[in-house]
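Student: Kindly return the folded structure for what I paste below:
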Amino acid sequence: MQRTENKATVRVSEIFTSIEGEGIFVGKKTLFVRFSGCHLKCKWCDTKYALPLDSGTEYQIDEIKDLIVRELQPFTYKVNFTGGEPLLQSDALIELADFIKKQTNLKTYIESSCFDSELFSKVLPYIDICKIEFKTADSEIVENEEYDNLLLNEIRCLELAVKSNKTTYIKIVVTNSTDLESFKNLVYNISKKIKPSNIIGFIIQPSHGVDQPTVNKLLDTYDIVQPMFPEVRIIPQLHKEIGAR
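Tutor: Predicted coordinates for the structure are as follows:
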């Protein structure tokens with residue numbers, strides 16, 4: 001294919017094909033494009049190598065497009081734009097997602113902390129599947145005074161995804177330190193903004209290797225969510241169980 005040379009750049013940690021290990025689409029063959037850089041520092045983060053803003057490799061956009069084309073395998077279901085935090089490089093994300101939509105029949109999927117609803121609204125037209133991840137206070141990602149603002153942006157991103165008729169689901173990582181009353185308040189506040197029918201599921205994901213929750217803790221969180229969002233599931237990270245990337 002021919003295209004005009006693009007001098008814009010993007011910093012990417014890695015591109016690889018693997019098995020989706022999280023969420024509603026667990027088990028699907030997926031191409032992952034992991035953006036470098038994240039200003040949040042979740043205590044249970046499992047991709048700490050991608051957190052520094054200067055990590056990974058800086059590429060021209062056209063170089064990444066070529067890498068994506070070379071990495072694509074038959075029967076791949078979707079392309080995950082993940083991180084790091086892809087919204088920090090929103091212009092590059094838009095161009096790459098637009099490229100995928102125009103050049104392939106694959107679904108585009110965003111994994112983001114949804115920290116900025118304005119940036120999210122910019123990229124949303126180019127995304128098919130939205131995983132809206134809500135952070136609990138014990139994730140220790142921001143100072144306490146900034147946490148409420150983060151939640152407001154996450155809820156706004158959820159509303160935007162639903163309004164745009166995107167395939168949308170919610171994920172919350174739960175640790176053994178997660179406060180159940182705070183968790184209940186979070187789920188209740190979400191339920192005031194959307195209907196259960198607006199999303200395809202609500203995923204509770206136990207943290208792995210760091211402050212792992214007990215089965216009883218997971219059952220408690222399940223019992224909190226189920227009356228408000230019946231399509232709730234507890235799904236651990238499959239890829240770690242089977243040794244996939």
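Student: The residue most central in space within the chain - nearest residue in space that isn't next to it in sequence?
Tutor: In the chain, the residue lying closest to the centroid (CA atoms, centre = their mean) is residue 111, at 1.9 Å. Counting by CB to CB, 6 or more residues apart in numbering, the nearest residue to residue 111 once its immediate chain neighbours are dropped is residue 82, at 4.1 Å. To be clear about C-beta, it is placed using only N, CA and C from the backbone, and glycine gets the same treatment.
Student: Over to residue 7?
Tutor: residue 60 (6.5 Å).
Student: what's near enough to touch the one you found?
Tutor: 6-10 (CB atoms under 8 Å, 6 or more residues apart in numbering).
Student: Where is the longest helix in the chain?
Tutor: Longest helix of the chain, by residue count under DSSP state H: helix 144-163.
Student: So for the helix or strand that comes right after it, mean pLDDT?
Tutor: Sequence-wise, the next helix or strand downstream of helix 144-163 (DSSP states H and E) is strand 167-174. The average pLDDT within strand 167-174 is 98.
Student: got it, and stretch 229-243?
Tutor: So the average pLDDT for stretch 229-243 ends up being 93.
Student: Output the below-cut-off pLDDT ranges for the protein.
Tutor: For the chain, applying pLDDT under 70 flags the ranges 1-6, 142-145.
Student: at 50 instead, please
Tutor: Counting by pLDDT under 50, the ranges of the chain that qualify are 1-4.
Student: re the thing from before, select only the buried ones of the contacts of residue 60 in ChimeraX?
Tutor: Burial among those is assessed by 16 or more other CB atoms under 10 Å; the matching ChimeraX selection reads:
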select :10
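Student: thinking again about what came up before, who's in contact with the residue nearest to the centre of the chain?
Tutor: By CB under 8 Å, 6+ apart, the neighbours of residue 111 are 80-83, 86, 131, 133.
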